[in-house]
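Asks: here is a sequence together with a model predicted from it:
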Amino acid sequence: MRRPLALRLSAASAALALAAAVGIALSTPEASAATGSATGFATQNGGTTGGAGGQTVRAATGTQIHQALCNRPSSSTPITIEVQGTINHANTTKVSGSSCNTAADVIELKQISNVTIVGVGSGAVFDQLGIHIRQSSNIIIQNVTVRNVKKSGSPTSNGGDAIGMESDVRNVWVDHTTLEASGGESEGYDGLFDMKNNTQYVTLSYSILRNSGRGGLIGSSESDRSNSNITFHHNLYDNIDSRTPLLRGGTAHMYNNYYRNLKESGINSRAGAKAKVENNYFKDSKDVLGTFYTDQRGSWQVGGNLFDNVTWSAPGSQNYPAGPDPQSNTTVGIPYPYTLDAASCVPDVVSRTAGANTGLKVSDGNCSPQTPPPGPTTTPPTTPEPTPPTGTNLSIGAGSDGSSKADGTSYGNVRDGDLGTYWSPAGTTGSVSVKWGSATAVSRVGIREAAGSAGAIGTWRLLNGDTGGILASGSGAGTLSFPQTSLKKITFEITGATGTPRVAEFETYGS
């Protein structure tokens, strides 16, 4: 039986106000977004770009994260979700929609693609709430903290994994995160970073994994050998019992990581796995590399590593440590370019770059932290303007329809030029459209609320009614501009409200 873990726990500019509890606010142009580009195996198989090229929204609850996923036209529409605040069980519920498959009590990224989740402002903390990636691809998670996720006790989430991937997952980049627990399995925790059942092309970079019984695994059992092509670089593993990681089958590349206070074992290559382990720094640890707890052995290629106060157990049944003088017993080909820092500077450079809220700095390959260039760009957000536009209102004389209407209101009221009449949805959310008999070029929209209802409109999306594509999204009424689009129908969809919305006019303009 393994001994219990010895615990040693050791701003962006103001954004638009969040609207309703399940609403999503459009981020300000100054807000931080995903920085840098993917590295390691995540650059292969077509690369990993997350939500680049799509809309950027802000979320402060788990429900809002799910809402952002569900509000997309499709499960593959690119989106960047900027997260600020504490995400927990109390503010994370299931949201339904054709473009998502969510669940309560976990951040569920299931059967989707092209998504970035990035912490901004004063930080994003997922407290006792795990992130579950399943049957998904092209996902980026950056600059967040995930802590104290349990598989037993209360509350539970994600099988006890801080970040878990399983079932045909491809191309995931997890960067500058802090993943931590407060104990081992006996205290109700499981792995910090797990990959199972055909997960491939994943990179974990510049992250901290600490205070846990299990760092993470690749493969759920000796027979689950479908997981491969995983990179770990510039990470800190601190105060971990074992699994940094446990690798069953497949290929993994570990370079420039700092391993400290590994209690029982470290990189555990078994069941035919191949690990390339180079220029890492191991300190105050035991059995940092080898095959442990099984007769099904793995292999490794080593070079440039430093071992500082590392102890090694004697070989025995189901115990095959690589030390005290680790030697290569395989060769591993790496298909992507990378630059190695000298192992001697790894403790310093990792301590200055790894983890959430550390400025997203990276090493330049010469042991010097640098701020990376911006990553792939996303569509600039549009903020509603308070003043109405000038010109010809194309809505006058057009047609209209919608999803629902409250008693005494009409869709036609939003295009009659009269601020005394209005449309309201049957509930607090719904949509109203303006439509024409032939394609009409539109580049500006004015949403004007009826007297006495100012501020009731929370979050919204402006949709191309012909294609379902999102032209803009945000919160509050006003005037907004977007690239001129030729369409026969344009839809204003209210997704969150603080009261009963009353839209007096849905004005449209060509230029």
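Replies: Here it is on my side, so go on. Numbering: from 1, shown residues only.

Asks: average pLDDT across stretch 350-360?
Replies: Averaging pLDDT along stretch 350-360 yields 95.

Asks: quick one, phi psi at residue 353?
Replies: Backbone geometry at residue 353, expressed as degrees, to the nearest 10, gives phi -130, psi -30.

Asks: right, and it touches residue 362 too?
Replies: Yes: counting by C-beta atoms under 8 Å, residue 353 does reach residue 362; the two are 6.0 Å apart. For the C-beta atoms, the positions are set from N, CA and C on the backbone; glycine is no exception.

Asks: give me the common contacts of these two.
Replies: Counting by C-beta atoms under 8 Å, 6 or more residues apart in numbering, the residues touching both residue 353 and residue 362 are 206, 234, 369.

Asks: show me what contacts the first one?
Replies: I take that to be residue 206. Shown here is residue 206, whose contacts under the criterion C-beta under 8 Å, 6+ apart are 175-176, 233-235, 350, 353-355, 358, 360-362.

Asks: and for the residue lying closest to residue 40 once chain neighbours are set aside, the neighbour number?
Replies: Distances taken as C-beta to C-beta, 6 or more residues apart in numbering place residue 231 nearest to residue 40, at 2.7 Å, with adjacent residues excluded. Neighbours of residue 231 under the rule other C-beta atoms under 10 Å: 26.

Asks: same check on residue 364?
Replies: Neighbourhood size, residue 364 [other C-beta under 10 Å]: 13.

Asks: and the one 4 residues further on, by the same measure?
Replies: Neighbourhood size, residue 368 [other C-beta under 10 Å]: 13.

Asks: next one: phi and psi at it?
Replies: Residue 368 has phi and psi values of phi -120, psi 120 when expressed as degrees, to the nearest 10.

Asks: how close does it sit to residue 430?
Replies: For residue 368, the distance to residue 430 (C-beta to C-beta, to the nearest Å) stands at 55 Å.

Asks: in this protein, where is pLDDT below threshold?
Replies: 1-35, 373-389 (pLDDT under 70).

Asks: one more time with 80, if that's ok
Replies: Across the chain, the ranges flagged by pLDDT under 80 are 1-35, 372-390, 452-455, 458-459, 467-470, 473-476, 496-498, 511.

Asks: which strand of it spans the most residues?
Replies: strand 430-449 (DSSP state E).

Asks: which residues touch the residue nearest to residue 40?
Replies: 39-42, 202-205, 252-254.

Asks: swap in residue 354?
Replies: By C-beta under 8 Å, 6+ apart, the neighbours of residue 354 are 176, 206-208, 234-236, 258.

Asks: please pick the buried ones from those residues.
Replies: Applying a neighbour-count criterion of 16 or more other C-beta atoms under 10 Å, the buried members of these are 176, 206-208, 234-236, 258.

Asks: now, which of the residues you listed sits nearest residue 63?
Replies: residue 176 (24.8 Å; C-beta to C-beta).

Asks: how far away is that closest one from residue 509?
Replies: Distance of residue 176 to residue 509, given as C-beta to C-beta: 42 Å.

Asks: do the same with residue 265
Replies: With distances taken as C-beta to C-beta, residue 265 is found 66 Å from residue 509.

Asks: the two - which one has more neighbours?
Replies: Set side by side, residue 265 and residue 509 show more neighbours around residue 265, with 25 against 20, by other C-beta under 10 Å.

Asks: please identify which helix or strand holds the more buried one.
Replies: Secondary structure assignment for residue 265, by DSSP states H and E: no helix or strand.

Asks: ok, it - contacts?
Replies: Applying C-beta under 8 Å, 6+ apart, we find residue 265 in contact with 242-243, 286-288, 290, 292-293.
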